[in-house]
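1. coords please:
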Amino acid sequence: MDIDGKGIVFYDGECILCSKWIYFLSKADKKKKLLFASLDRFPELTKGFELIKDVDLPDSIYYFKNNQLYYYSKAILKILMDLGGFWKIFSILYLIPKVLRDSIYKWIARHRYSIFGKRTSCSIPDEFEKSRFL
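-> Okay, here's the model as predicted:
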């Protein structure tokens, strides 16, 4: 499902934190390496691929690239690495044990609505970004 070598970032469109993350990525991704899709499109866009089945979809951002699925803290770090340039500095976070990184990620995911709020619907991308949303 890799579209022209680009990665797909799946996100919760109702989550304000997630929407702000996607907005940030769409601006920081100068080389247009990323595409974006709401989590409800995940089954459709990854159909036919052997992916991990026990991941809790509502509480995560997923990154799908080169037929690989990244989730929890690894998805965030992989996305930042793929942005290149300055963002590669965050690779230092790989030194933190995965279990600790993922625990922090899951805690934020579990509490994201109470901390950051929730929209009643997905935000609509502007014309400039529309071509990058699936």
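
2. distance of the nearest residue to residue 117 once chain neighbours are set aside relative to residue 103?
-> Among residues not flanking residue 117 along the chain, residue 16 sits closest, at 4.5 Å (C-beta to C-beta, 6 or more residues apart in numbering). (Glycine included, C-beta is placed from N, CA and C.) Residue 16 sits 22 Å away from residue 103, going by C-beta to C-beta, to the nearest Å.

3. which one of the two has more residues nearby?
-> Each of residue 16 and residue 103 has its neighbours counted (other C-beta atoms under 10 Å); residue 16 has more, 16 against 13.

4. mind listing the strands in the chain by residue range?
-> Under the criterion DSSP state E, strands of the chain are mapped to 7-11, 34-38, 62-65, 68-71.

5. and among those strands, the most buried is which?
-> strand 7-11 (a mean of 24; mean count of other C-beta atoms under 10 Å).
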